[in-house]
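S.K.: let's see this in three dimensions:
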Amino acid sequence: MKEFPCGCKFELNDKGNPIFEPYLDKIRFDCPATWDMISQGNTKGIFQLDSNLGQSYAAKTQPNNMEELADLSAIIRPGTKDNVVAGKSLTDHYIDRKHGLDLVEYLHPALEPLLESTYGILVYQEEALAIAKDIAGYNLQEAEILRRAIGKKKVELMAQIKNEFIDKAEANGVVSREDAKEIFSWIEKSQKYSFNKSHAVCYAHNGYLTAVIKAHFPLAFFTSWLRHAKGKQRPQEEIQDLVNNAKIMNIEIMPPSILNMNKTFKLLNDKPTYGLANIKRVGDSVFYQLRDIVRENNYDLSTFTWDQFLMKLGRHIKYDSFQAMITAGALDCYKVSRMKMLYDLELYRDFRESDYKFLASTEQVTLKGGLEEILSEKIPNERRTAHTDKFIELFKGAITSLDNPPYALKDSPSWKAKQERDLLGIELTCTEIDEYDVGDANCTCLEYAEGFTSSSIAMAVKINDVREWKIKNGKSKGQKMAFLKVSDGTCSLDSVTLFSDSWDKYKNDIKINNILLLRGDRDKNRGSFLVKRVQKLT
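M.R.: Okay, here's the model as predicted:
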């Protein structure tokens, strides 16, 4: 049994993971750690709140009980968000009323007990049924027939049920005939957006359970979600979002390593770790073939050098898969630059099958030594022909090339970052920013996300996305501003804002993939980073 500071207790299996079955009924629904996480908008991976919209409105709404969590899943649906009353969507009315920014008002006192939990806003279909029952005297079966009839939107039928509702409400004596007309129009309009509360409660229940896991067992949570990212419509984007969210929670995601020999994401040494098959162009079949060869030959890859790995296993791995493993960093354990490994691989693939087998069987520990052994032992002088002479020259040329490569075999951070982004979905070991002088920066993206404040904040970042927005109201109406998504390797931020004056001044410098120093301060109300100055980095 493990007890957490929040007071929650969980049975653990022998791997340290929680055992939920048959203990689901023992999970607390008042866990402060879980509700704090949801209210901060940290809902990536949480059922129904996984999207950017869900994360944003979780932070705005700040639910702190199951009923409010159910409300949240209902009010972020298009119908409620698009239904504008008195200049604001019903979603914003709900949020402002919940936080005491607007008064909670009711058309008639009789509606207060029916709509009190949703702050006077008709959110659910069940609320419409309750209104029909209490205001017009319908029984629940009749109220459901009324609701369905309204949904059919047939003119003659609508006129009939409207008159029926008003007459019954007037006869019931709870509200006036005029109030009954207005209340009916509420119910009628609500059919365009209102949600089924029983569904919302089920969604909230499932969402809360996933949030409990994330709040208490984040390592297992991220490992599992990353493992299933391939099932998403945009797997690479899903991986980016998950890794970024993990970084914000101070969880390091480890790149793949041949030494781990795991196929997909796995929790190793308390760190979610990429598997070999998570590398683009390295599929399951390549992984299984490689694993089987290692097992059959009883290889201990941790004792190999890069050259030995290439000579003993190189012919068993498809060329493009081998390239991908190198450039994704899966062979960094051999302490050789990725450019050097790619260069050696290119030389290696020009040899014959018989030479591959010889190199795999030799006791030489370097590719150069293996080639020299081929020249000295495999092709005696008396057996040389024009055909073998061709390969003798090839071997000699390869040996010379190993000693004197035609270009520097060094990895630049920008090249490594691009390769990792293409093959893993996100850069893990470095970023393009590593090539720049960032001495003037006083804050990283992660530090900002954790609440860093100063009279002058400077962040060295890469621009990942730019969204220009035309201002619709206020003194700057008609002018343009911009919202940026930026990153620096610690995490990414999507709450970076340039108001019209700053945007007009610096928009030619702010392009996707540019590396810049952004100076500004934190918006006290919304928490977004307000950019005042932009500098190019060298």
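S.K.: all strands of the stretch 201-350 of the chain, in order?
M.R.: 266-268, 271-273 (DSSP state E, counting those that start in this stretch).
S.K.: can you say which of those is nearest to Arg177?
M.R.: The closest of those to Arg177 is strand 271-273. By Cβ to Cβ, the value is 63.6 Å. C-betas here are computed from N, CA, C, even on glycine.
S.K.: for Asp82, which non-adjacent residue is spatially closest?
M.R.: Once flanking residues are discounted, Asp82 sits nearest to Ser89: 6.7 Å by Cβ to Cβ, 6 or more residues apart in numbering.
S.K.: quick one: the top helix by length along the chain to chain centroid distance?
M.R.: Using DSSP state H, we find that the single longest helix of the chain is helix 197-216. Taking the mean of its C-alpha atoms, helix 197-216 sits 19 Å from the chain's own mean (Cα atoms, centre = their mean, to the nearest Å).
S.K.: okay, buried residues for it please.
M.R.: Neighbour-count burial for helix 197-216 flags 197, 200-201, 203-204, 207-216 (criterion: 16 or more other Cβ atoms under 10 Å).
S.K.: before we move on, back to that, check what pLDDT the residue nearest to Asp82 gets.
M.R.: Here the pLDDT value assigned to Ser89 is 89.
S.K.: buried deepest among the strands of the stretch 201-350 of the chain, which one?
M.R.: Of the strands of the stretch 201-350 of the chain, the one with the most neighbours on average (mean count of other Cβ atoms under 10 Å) is strand 271-273, at a mean of 20.
S.K.: for it, packing partners?
M.R.: Applying 3 or more Cβ pairs under 8 Å, 6 or more residues apart in numbering; DSSP states H and E, we find strand 271-273 packed against helix 218-227, strand 266-268.
S.K.: count of residues packed around the residue nearest to Ile166 when sequence neighbours are not counted?
M.R.: Distances taken as Cβ to Cβ, 6+ apart put Ala180 closest to Ile166, at 4.7 Å, once the chain neighbours are dropped. Other residues near Ala180 number 23, with proximity taken as other Cβ atoms under 10 Å.
S.K.: do Lys477 as well
M.R.: Neighbour tally, Lys477, other Cβ under 10 Å: 9.
S.K.: number the residues from 47 up from this point.
M.R.: Shifting the count to begin at 47 puts that one at Lys523.
S.K.: for the buried residues of helix 243-262, work out which two are farthest apart.
M.R.: Longest span within those, Cβ to Cβ: Lys243 and His262, 28.2 Å.
S.K.: could I get the helix or strand bottoming out on mean pLDDT in the chain in PDB with only the CA atoms?
M.R.: When the helices and strands of the chain are scored by mean pLDDT, DSSP states H and E, helix 186-198 comes last with a mean of 78. Extracted in PDB, the C-alpha atoms of helix 186-198 (Å, rounded to 0.1, in the frame of the first residue of the first chain):
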ATOM      1  CA  LEU A 186     -41.400  12.800 -17.300                       C
ATOM      2  CA  GLN A 187     -42.700  10.700 -20.200                       C
ATOM      3  CA  GLU A 188     -44.700  13.600 -21.600                       C
ATOM      4  CA  ALA A 189     -41.700  15.900 -21.100                       C
ATOM      5  CA  GLU A 190     -39.400  13.500 -23.100                       C
ATOM      6  CA  ILE A 191     -42.000  13.400 -25.900                       C
ATOM      7  CA  LEU A 192     -42.100  17.200 -25.800                       C
ATOM      8  CA  ARG A 193     -38.300  17.400 -26.000                       C
ATOM      9  CA  ARG A 194     -38.100  15.000 -29.000                       C
ATOM     10  CA  ALA A 195     -40.900  16.800 -30.800                       C
ATOM     11  CA  ILE A 196     -39.100  20.100 -30.400                       C
ATOM     12  CA  GLY A 197     -36.000  18.500 -31.900                       C
ATOM     13  CA  LYS A 198     -37.900  17.500 -35.100                       C
END
